[in-house]
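Visitor: return a 3D structure for these sequence lines:
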Amino acid sequence: MVTTLIILVGGLLLFLAVFFLWGIGTYNGLVTHRNRYKNAFSQIDVQLKRRYDLIPNLVETAKGYMKHEQETLEKVIQARNQAMGAASKAAADLTDSQAMVKLNKSEGELTGMLNRLMVVVEQYPDLKANQNMLALQEELTSTENKVSFSRQAYNDAVMNYNNSREVFPSNIVAGIFNFAAAVPFEIENETERQTPKVSF
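Guide: Below you'll find the model as predicted:
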């Protein structure tokens, strides 16, 4: 009888130890996945900031040539400022779906305004041939490509994190320790999928 009790207690302790070690491993895995998607978003953030820094230079270069297009230039800067604010808010909490929706929307509006600016630039041959403008357009195109690649890496990391927090039995650990779902950075509108058209 005593031997059976010792075996039962030993079995229970072994089970609890295995369960505890599994819980630690699952928790650490969730933290690792969370850190990966946060790091991936910081790569997007770097590229978006680079993009935001290029836009005033682009507008300033165009301003001297486009005296009758001040409204377009002002709208580009307005869209840039809104996108900067939305990016900052989204970066503060990547689980805030409203902030990510606002970022998606503001980035779409900024892309639309940049497309409009590039159409207007086409109407000014001297501006189109300006070396500074050409360099800025090339840099902007390169940055747009980097944003796309960073967005893809971020969305992959978010999917891996969300999968690991939703599958059984790790969803138990995720629920206990409040691992909130991460929100992907998706393009909702087909026109937003197009990078600003830059021609040389």
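Visitor: what packs against the lengthiest helix in the chain?
Guide: Determined from DSSP state H, the single longest helix within the chain is helix 2-63. Using 3 or more C-beta pairs under 8 Å, 6 or more residues apart in numbering; DSSP states H and E as the contact test, the elements touching helix 2-63 are helix 70-92, helix 97-121, helix 131-166, helix 170-176. Heads up, the C-betas are built off the backbone N, CA and C, glycines and all.
Visitor: for the ones you listed, which one sits closest to residue 1?
Guide: helix 170-176 (35.2 Å; C-beta to C-beta).
Visitor: now do the buried residues in that closest one.
Guide: Buried residues in helix 170-176, counted by 16 or more other C-beta atoms under 10 Å: 170, 173-174.
Visitor: next: stretch 153-168.
Guide: Within stretch 153-168, the residues scored as buried using 16+ other C-beta under 10 Å are 153-155, 157-158, 160-162, 164-165.
Visitor: from residue 145, how far out is residue 131?
Guide: 22 Å (C-beta to C-beta, to the nearest Å).
Visitor: compare those two (neighbour count), which wins?
Guide: A side-by-side neighbour count of residue 131 and residue 145, using other C-beta atoms under 10 Å, places residue 145 first with 12 against 8.
Visitor: before we move on, back to that, please tabulate the buried residues of helix 170-176 in JSON lines, including the columns distance to residue 8 and pLDDT.
Guide: What follows is the buried residues of helix 170-176, written out as JSON lines (distance: C-beta to C-beta, whole Å; pLDDT from 0 to 100):
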{"residue": "170", "distance to residue 8": "28", "pLDDT": "92"}
{"residue": "173", "distance to residue 8": "27", "pLDDT": "93"}
{"residue": "174", "distance to residue 8": "31", "pLDDT": "94"}
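Visitor: for residue 24, state which of the residues you listed is nearest.
Guide: Nearest to residue 24, judged by C-beta to C-beta, of these is residue 173 at 9.2 Å.
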